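Asks: fold the stuff below for me.
(2 chains)
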Amino acid sequence: MLVVDVLLAGLTLGGLYALTALGLTLQYGVARIMNLSYGEFLIAGAFGAFLAFDMLALSPIIALLIAVPLGFALQWLVYQVLLMPLVRRSGAGPALEVDSILATFGLLFVVQGLMLAAFGGNIVSYAYLSEPVHVLGSTVAANRLLAFAFALVIGLALYLGLTRTRAGTAVRAVAVAPQFAPLVGIDVRAVSAFAFALGGALVTGGGVLVSMFLPFSATAGVVFAMKALIVVIMGGVGNLLGCLMAGLLLGFAETLVARFIDPGLTLAVNFALFLLVLLMRPQGLFGRAAR
Amino acid sequence: MDPNKRKALCIALGLALAAVQAAQADEAPKAVRIGWVVAKTGPDAPGAATTTLPNYKLWVKEVNAQGGLLLKAYGRRVPVEVVEYDDRSSSEEAVRATERLITQDQVDFILPPWGTAINLAVGPTLAKHGYPHLAVTSITERAPELAKRWPNAFFFLGMGSQYGEALVAFLEQAKKAGKIGERIAMVSVADGFGVDLSQAARKAIEKHGFKLVYDKSYPVGTQDMTPLLNEVKGLNPDVFVAFSYPPDTLMITDQSRVVGFNPKVFYAGVGTQFPIYKKKFGASVDGVMGPGGVDFDSPAIQDYFKRHTAALGQEPDRWASSVTWASLQVLQQAIERVGKLDRAAVAQEIKSGSFDTVLGSLNLENQLFRNLWWVGQWQNGEFYGVAPADKKGAKAAVIPKPAWNH
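Replies: Alright, predicted model coming up:
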């Protein structure tokens, strides 16, 4: 059925975009680190899942349980070791953004080089849950549906966590007014490190889920990082629900255009929407970090 | 003997000896310096890592295991030494690095980069400096014209029109035999390979009396093919042709299985022949067609596959890998026949000689290699050449394609 076809394809593609962007919105919005090596950590998660699947015959779901805490720890270390000196030096002012772009740009090459050395430049792909699921007369791949479900669950859980818990409130305070947060006893650096690491956990987990259905290679990270950046800026930097909505918006727009106009125009509609949002609402569809 | 004659003979002999000694004394190089500029990073890296670099590494390893290239002029084998650069998938970088290989590293021969665009980019530089350019992973309609302009350039993988024409002519046979109807759906990636081949196929489709019911392109890096496949499936074509790049090829195959789109002929582009395709899908893709193919019954091919896999831990692809290997055999034999590092003479030998390669006896017509597999098909876990049907080793095509095995 046409409507269900489009609905499912739009949801799964949009979910995928949102899933790969959620981590960046935390890292950029709360920790104020424009992490250019973001895509590389997604690919690292994907390789992790591939290794687990190929060598240990572990399901990617189990790999996810390992990858998420590992991604958290790794990114926390990256923040403490690589980025903390920059934070100190810039006093978390505007200089931090430029400095962090340069530092993470370097990190991009280090991580990519390590993956190239370990896995070579080949395309990698494996088959997991690549089974049709029939929904109201339409079909969708089980792995894509699963990734969409995760995007939804993670997005909502994070949203609730940020708006309903004390720790979440502290994170939001840092996102909104880092200069005043210490006045109420918030350790801005610790919260920033936490948010950055949480973003890392999300992106690594996203990589694991994405690897179930998208072919990837050691050098493919930048493609994901670009898309994520568009979604983050469209949704409003640091705004989790906005990120989810922007991802879905792009997914639906692309699916509709591909189905009813021409698949060749998906990229065009993507950037047209982006441009439109930038012109009309430069702060993003839903504004900056949810207050 | 007349003393004068004897004197002359002695002098001649002495001179000849001196010449030989001089040649041995001052010219025998310590190593043959081979350079290459290939994408190790960037979007071209996966293609280069599948097809090009493994063959280069294997070649250097095997040549050096024999003691090097046999240079008759010095009466001995000279080992090969490698200078390698990463072009980062950028044409400008490839040209810069190629110039560096020539002027600074002063390599003796240069092996070509991966990809049509980058081969065309470095073509003028190699031509200017007189280096033989054995372009393998380069499919361009302009090959005959370029071969005239660049006298040292050789094109090994054919032209888009040859693939398009061969595919559709082959389909016409199947149509005449009543195996398929006239409806073809075609999609192509909006980039060099897809644009070239779809243009060629469009003409051929019209010429051979087929009906093109769907003809769209999609951008590089598309992450979901379902909308496109659903629409194509609804049109119920007899033949589905995708001129796609490796990630798209994997995705199109995977999602066609999922949405249950199983036309009588299913043809996908680059990637169909890759080891990863076989590994990911296994027997479930029996019947899928694509450009290229190998004659897997040939002992030379089997031996090459074994050595490649043993040395590099990965299988060759089933299209350009064996052609790349053949081009290296051509270069090696040409150098050894000339017997010294004389690039002009080697290029001349490649132009006119006949070579014993993994693909059988190989010679070039006007610097172009034409005896290729244009269409291959997965049959029982192997990607056999099926067209041209009269080529030695051709398998009969299985049409209609069997159902996807879930």
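
Asks: all strands for the stretch 1-150 of chain A, in order.
Replies: Listed in chain order, the strands of the stretch 1-150 of chain A (DSSP state E, counting those that start in this stretch) span A:132-135, A:138-141.

Asks: which one of those is the most hemmed in?
Replies: Mean neighbours per residue, mean count of other Cβ atoms under 10 Å in any protein chain shown, is largest over the strands of the stretch 1-150 of chain A for strand A:138-141, with a mean of 22. Any C-beta I mention is one placed from the backbone N, CA and C, and that applies to glycine too.

Asks: is that one in proximity to chain B?
Replies: Yes. Legend: contact between strand A:138-141 and chain B by Cβ under 8 Å from any Cβ of the partner chain is shown at A:Thr139, A:Val140, A:Ala141.

Asks: the first one pairs with what?
Replies: In this structure, A:Thr139 bridges to A:His134 when assessed by DSSP bridges.

Asks: and stretch B:180-194, how far apart are its ends?
Replies: 24 Å (Cα to Cα, to the nearest Å).

Asks: just the buried residues of it, please?
Replies: Across stretch B:180-194, burial judged by 16 or more other Cβ atoms under 10 Å in any protein chain shown covers B:180, B:182-194.

Asks: mind checking how far that stretch is from the chain centre?
Replies: Chain-centre distance of stretch B:180-194: 22 Å, with Cα atoms, centre = their mean, to the nearest Å.

Asks: am I right that B:Ala97 sits in a helix?
Replies: Yes. Under DSSP: H, G, I helix; E, B strand; the rest coil, B:Ala97 falls within a helix.

Asks: tell me which residues touch it, please.
Replies: B:Val37, B:Tyr85, B:Asp86, B:Asp87 (Cβ atoms under 8 Å, 6 or more residues apart in numbering or on different chains).

Asks: and the gap between the last one and B:Asn152?
Replies: Using Cβ to Cβ, to the nearest Å, one gets 20 Å for the distance from B:Asp87 to B:Asn152.

Asks: more neighbours: these two, which one.
Replies: Taking neighbours as other Cβ atoms under 10 Å in any protein chain shown, B:Asp87 and B:Asn152 compare with B:Asp87 leading, 29 against 23.

Asks: low-scoring stretches of the chain, by residue?
Replies: No chain specified, so I'll use chain A. Scanning chain A for pLDDT under 70 picks out A:1, A:92, A:288-291.

Asks: not quite, go with chain B.
Replies: For chain B, applying pLDDT under 70 flags the ranges B:1-27, B:406.

Asks: what sits against the residue nearest the centre of it?
Replies: Note on chain B: the residue nearest the mean C-alpha position is B:Ala320, at 3.4 Å, using Cα atoms, centre = their mean. By Cβ under 8 Å, 6+ apart, the contact list for B:Ala320 reads B:Thr51, B:Val136, B:Thr137, B:Leu157, B:Gln273, B:Gly292.

Asks: ok, now with 7 Å
Replies: B:Thr51, B:Val136, B:Thr137, B:Leu157, B:Gly292 (Cβ atoms under 7 Å, 6 or more residues apart in numbering or on different chains).

Asks: which of those residues fall within helices?
Replies: Using DSSP state H, no member of the contacts of B:Ala320 falls within helices.

Asks: turn those into TSV, columns for distance to A:Ile261 and neighbour count.
Replies: Shown next, in TSV, are the contacts of B:Ala320 (distance: Cβ to Cβ, whole Å; neighbours: other Cβ atoms under 10 Å in any protein chain shown):
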residue	distance to A:Ile261	neighbour count
B:Thr51	35	25
B:Val136	38	26
B:Thr137	34	25
B:Leu157	34	25
B:Gly292	33	26
